[in-house]
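Engineer: My questions are about this predicted structure, shown below with the sequence.
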Amino acid sequence: MAFVSCKEHTPPDPIGSETPVFSSEGEIDGVAVKLTADGENSIAEAQTFKDSLDTYVHQGMIKNASCQVDLCGPAFLLNVRGNVSLDQSVMAEPYAFRHIDQTPVVTEYYTVRISPEGLGTPEKCTWTIAGTEIETTSGLEQLVLERTSNDPTYIEIDLVAEFAGGCSSEISNHVYLPSHGCDVTIEVDDLGADTYLYKAIATGKTGFDYNWRFESGARASSEEVHYFYENIPADGVETALLQVESETCEATRRWNQVIDEPLAECNINFNYTIETIADTVKPVLTDPDVNTIELTWVDASNTHYFSTYTSQPGWAYFHIESVEDYEDASMPDTETSKKVSVRFSCLMESLDGEQIEVRDMEMTLPVGIDQ
């Protein structure tokens, strides 16, 4: 690090005054802001390093003189990325504002527990998953599947249940993952006197249209259906198929309802629950972003604002006005810093998403160290 202030051997201030060489002056959200590295309230520092992407970064800053390690406000920090050496050639290069996408990558992990239920306890359940994978369970044992939000949004499940005495029953349904966006179940109330109330329980969206189709031939388009059976199904079981649809999502559900137990002998359905665990990962940077700049502003309350956190509007610009050698007695004779003058306007954003407008800021900083 190089701590720089006015000394007799340093180049004279560009305007010929006795004020410190390093300063920044402009407007933030319409309020005038000025920092000067006077050695008492603010100091200037510079360094050059390679970042994790093997890119040379020439850094300069004016910061609160009371800061020992962290960057505390008020402070401005500038990173110039790309050149091995910082010289007059950078003035001809089109330096752009670096933009780092801060949108986190969220992956959800689902544990799906599917439970068979019906008339009687099956001796064996055979599950066909997505048409190919086959699993077997016994009794009312749950089938447990693991999926993520990167998988298809639903799982096709076919269940065949075998009961003592040779009776069997089957049901096919989709298991909808939370990533699908909606789901539907069927609840049935026995109202007595061969009358049943079928209820659609749709979740995830609003404004659903309902389409009921019953094996016995009836059709309905309401959320609830009162069904009086004049004729009992021959096998004692009514199979209902429900489809719900909103503007952006649809789901289906099939249900075997026992109407007459002695006729049915056996019956099977299944329901399911899903446990969700979300894993959030920040984007991995892979672009070295050569010939770009990064700016950080820290206000008096130590809120950090970054030019990299937001796309820049049309009025934003960044110009390198001059690059000069600058020697500091505090550094070894083998090291020299660069005095860089820049002008810029840009949008900056905090970690909480608060944005500020920096307008017509002029800065002269020590930026980078050549050895």
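Structural biologist: That came through, no problem.
Engineer: and the helix or strand where F49 lies, what other elements does it pack with?
Structural biologist: Per DSSP states H and E, F49 falls inside strand 42-50. If contacts are counted by 3 or more C-beta pairs under 8 Å, 6 or more residues apart in numbering; DSSP states H and E, strand 42-50 sits against strand 56-64, strand 355-370. Yep, even glycine has a C-beta here, placed from its N, CA and C like the rest.
Engineer: Using PDB, write out every CA atom in that strand.
Structural biologist: Listed next in PDB are the C-alpha coordinates belonging to strand 42-50 (Å, rounded to 0.1, in the frame of the first residue of the first chain):
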ATOM      1  CA  SER A  42      -8.700  11.600   4.200                       C
ATOM      2  CA  ILE A  43      -5.800   9.700   2.800                       C
ATOM      3  CA  ALA A  44      -5.000   8.200  -0.600                       C
ATOM      4  CA  GLU A  45      -3.700   4.700  -1.300                       C
ATOM      5  CA  ALA A  46      -2.700   2.700  -4.300                       C
ATOM      6  CA  GLN A  47      -1.900  -0.900  -5.200                       C
ATOM      7  CA  THR A  48      -1.700  -3.300  -8.200                       C
ATOM      8  CA  PHE A  49      -2.700  -7.000  -7.900                       C
ATOM      9  CA  LYS A  50      -4.000 -10.000  -9.900                       C
END
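Engineer: got a pLDDT number for the spatially most central residue of the chain?
Structural biologist: With distances taken as C-alpha atoms, centre = their mean, P104 lies nearest the centre of the chain, 3.3 Å away. Note for P104: predicted pLDDT of 79.
Engineer: Surely it touches V281?
Structural biologist: Yes: assessed by C-beta atoms under 8 Å, P104 is found in contact with V281 at 6.5 Å.
Engineer: tell me the phi and psi of the nearest residue to Q102 once chain neighbours are set aside?
Structural biologist: In this structure, Q102 finds its nearest non-sequential neighbour in Y309, 5.7 Å apart by C-beta to C-beta, 6 or more residues apart in numbering. Taking degrees, to the nearest 10, you get phi -80, psi -10 for the backbone angles of Y309.
Engineer: again with L263
Structural biologist: Here is the backbone geometry of L263 (degrees, to the nearest 10): phi -70, psi -40.
Engineer: List the contacts of the nearest residue to it once chain neighbours are set aside.
Structural biologist: Distance criterion C-beta to C-beta, 6+ apart; nearest residue to L263, sequence neighbours excluded, is G236 at 2.9 Å. Residues near G236 by C-beta atoms under 8 Å, 6 or more residues apart in numbering: 258-265.
Engineer: please redo it, this time with the cut-off set to 10 Å
Structural biologist: 119, 257-267 (C-beta atoms under 10 Å, 6 or more residues apart in numbering).
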